[in-house]
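[1] Structure here, sequence nowhere to be found:
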């Protein structure tokens, strides 16, 4: 949802369908193996927002209860904080990371329930890893593809729905473990 507002303001493109989709994703079913990567490109700035189930990243979704689980979360956060090792942009574009923020939502938090219904205990339910990135590219016009080593780092990840917004419009890609690359020819 944050990205939809950023895109509408920053790129100047109407994104009501994307906003509705983001609302549906927040309210809809949580699906293991499937995440979302939103990318907005304006000028030399590339803004990215990643939202994936905790099970895809660390293999579980509850609050860490062991030292090994906490170590897995810490390692995942460090890996997610290095976006150019997960999403490799065309080298000639000269992109560098300006911001990288990673958080977990849902793990260990009691779930809201209707009045009179029992609440789930802390640690129950689903969690998501969310990461926001800002990249600066010296030659964004040379950005012709994105490779996804993300799938090698996180074996539970099977697919990313990639929503790309540029000054030319919006494009949607399905990136899968077996085909971890998108061609941006014509989208820039």
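    Great, that's in hand. Computed from a predicted structure; not experimentally measured. Numbering: from 1, shown residues only.

[2] Check which helix or strand the residue most central in space within the chain maps to.
    In the chain, the residue lying closest to the centroid (C-alpha atoms, centre = their mean) is residue 50, at 0.9 Å. If you go by DSSP states H and E, residue 50 is part of strand 45-53.

[3] quick one: that strand to chain centroid distance?
    4 Å (C-alpha atoms, centre = their mean, to the nearest Å).

[4] Least confident secondary structure element in the protein?
    Ranked by mean pLDDT, DSSP states H and E, the weakest helix or strand in the chain is helix 16-27, scoring a mean of 39.

[5] What residues of stretch 171-188 count as buried?
    Buried residues in stretch 171-188, counted by 16 or more other C-beta atoms under 10 Å: 173, 175, 177, 180, 182, 184, 187. Quick note: C-beta positions are derived from backbone N, CA and C, even for glycine.

[6] again, but for stretch 88-107
    Quick answer for stretch 88-107 (16+ other C-beta under 10 Å): 88-90, 93, 95, 100, 102, 104, 106-107.

[7] possible to save those residues as TSV with secondary structure?
    Formatted as TSV, the buried residues of stretch 88-107 follow (DSSP: H, G, I helix; E, B strand; the rest coil):
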residue	secondary structure
88	strand
89	strand
90	coil
93	helix
95	strand
100	strand
102	strand
104	strand
106	coil
107	coil
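
[8] Sort those residues by pLDDT and name the bottom one.
    Lowest pLDDT within the buried residues of stretch 88-107 is found at residue 107 (60).

[9] Residue 73: which element?
    Per DSSP H and E: helix 67-80 holds residue 73.

[10] wait, I meant residue 185
    Assigned by DSSP H and E, residue 185 belongs to no helix or strand.

[11] wait, doesn't it sit right on residue 144?
    Yes: with contact defined as C-beta atoms under 8 Å, residue 185 counts as touching residue 144 (5.9 Å).

[12] tilt between the strand holding residue 50 and helix 67-80?
    160 degrees (axes from the mean of the first three to the mean of the last three C-alpha atoms, to 10 degrees).

[13] Give me the residues contacting strand 45-53.
    Outside strand 45-53, the residues that touch it by C-beta atoms under 8 Å, 6 or more residues apart in numbering are 2-3, 6, 10, 25, 30-41, 61, 80, 83, 87, 89, 95, 126-137, 140, 143, 154, 157, 160.

[14] Next step: those restricted to strands.
    34-41, 89, 95, 128-137, 160 (DSSP state E).

[15] Please report how far residue 168 lies from residue 69.
    44 Å (C-beta to C-beta, to the nearest Å).

[16] again, but for residue 128
    Taken as C-beta to C-beta, the span from residue 128 to residue 69 is 16 Å.
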